[in-house]
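A.B. asks: Here is the input, now give the coordinates:
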Amino acid sequence: MSQEDLAFECDYADFSQINRIELGKVNFSVSYLSTIATALAIPISSFFE
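C.D. replies: I've put the predicted structure just below:
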């Protein structure tokens, strides 16, 4: 899935927020992580493995 596709699934305005998260340039909340996990259809716990 591209950053643009993920941003669309997360209902973000554009992919730049996804890009900043991937690059570690922004702190994000658990709710952001939950939204991303839902869009990717994976459990949130998989981010911590």
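
A.B. asks: From the centroid of the protein, which residue is nearest?
C.D. replies: The centre of the chain sits closest to Ile36, judged by C-alpha atoms, centre = their mean, with a distance of 3.7 Å.

A.B. asks: Might you list the low-confidence residue ranges for this structure?
C.D. replies: For the chain, no stretch has pLDDT under 70.

A.B. asks: helices or strands up against the longest helix seen in the chain?
C.D. replies: In the chain, taking DSSP state H as the definition, the longest helix is helix 30-40. Helices and strands touching helix 30-40, by 3 or more C-beta pairs under 8 Å, 6 or more residues apart in numbering; DSSP states H and E, are helix 3-9, helix 16-22. C-betas here are computed from N, CA, C, even on glycine.

A.B. asks: Mean neighbour count and distance to Tyr32 added to those, as CSV?
C.D. replies: Formatted as CSV, these follow (neighbours: other C-beta atoms under 10 Å; distance: least, C-beta to C-beta, whole Å):
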stretch, mean neighbour count, distance to Tyr32
helix 3-9, 16, 12
helix 16-22, 16, 7
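
A.B. asks: ok, back up a step: from memory the residue nearest to the centre of the chain sits against Ala7, does it?
C.D. replies: No. Using C-beta atoms under 8 Å, Ile36 and Ala7 do not qualify as a contacting pair, with a distance of 9.9 Å.
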